[in-house]
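**Q** with the sequence up front, the predicted model follows.
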Amino acid sequence: QLQLVESGGGLVQPGGSLRLSCAASHGTLDGDHVGWFRQAPGKEREGVSCISSNGGRTNYNDFAEGRFTISRDNTKKRVYLQMNSLKPDDTGVYFCASYHDPDDSCMPFEQWYDYWGQGTQVTVSS
């Protein structure tokens, strides 16, 4: 069964950057749409961004637009989330998730996603 593993989280000062990585083990992300979600303390999980299986289409939540960039390298079986200009409100656990669908657009809603990673902690604080 496909397993997803996130990495790249950590502690960063406001205004700083992090690059999260999502890797597939015991399977492949080929043909899957991949999304990033986050959950802040005491809040519900929310969508951050998603990328279609061929990388041709992306979707961003309003708070991520212009600051975050999602990309994928199918040869390396990885999906990345580059996060710039980080704010304290970006603090939370970040999850990657995937699902397979023939449509060429990804959906930013978690109910579409079948496989989830364990998450990586991102803390933005001075």
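**A** Thanks, I have the structure now.
**Q** centroid residue for the chain?
**A** Nearest to the mean C-alpha position of the chain, counting by C-alpha atoms, centre = their mean, stands residue 36 at 2.3 Å.
**Q** doesn't that one belong to a helix?
**A** No: remark: residue 36 does not belong to a helix; assigned using DSSP: H, G, I helix; E, B strand; the rest coil, it is strand.
**Q** thought it was touching residue 98?
**A** No: contact criterion C-beta atoms under 8 Å: residue 36 and residue 98 do not qualify, at 10.7 Å. (C-beta placed from N, C-alpha, C; glycine too.)
**Q** in stretch 6-23, what's buried?
**A** 6, 8-9, 12, 18, 20-23 (16 or more other C-beta atoms under 10 Å).
**Q** need the CA coordinates for that stretch. CSV is fine.
**A** Below are the C-alpha coordinates for stretch 6-23, written out as CSV (Å, rounded to 0.1, in the frame of the first residue of the first chain):
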residue,chain,number,x,y,z
GLU,A,6,6.8,14.3,4.6
SER,A,7,10.0,16.1,5.5
GLY,A,8,11.4,19.5,5.6
GLY,A,9,9.5,21.0,8.5
GLY,A,10,11.1,22.9,11.3
LEU,A,11,11.4,26.2,13.2
VAL,A,12,11.8,29.3,11.2
GLN,A,13,11.6,33.0,11.9
PRO,A,14,8.8,35.2,10.4
GLY,A,15,9.7,36.1,6.9
GLY,A,16,11.7,33.0,6.4
SER,A,17,11.4,30.0,4.0
LEU,A,18,11.0,26.3,4.2
ARG,A,19,10.7,23.6,1.5
LEU,A,20,8.6,20.6,2.4
SER,A,21,9.0,17.4,0.6
CYS,A,22,6.5,14.5,0.1
ALA,A,23,8.0,11.2,-0.9
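**Q** mind checking pLDDT for residue 25?
**A** The model reports residue 25 with a pLDDT of 85.
**Q** perfect, I'm done here.
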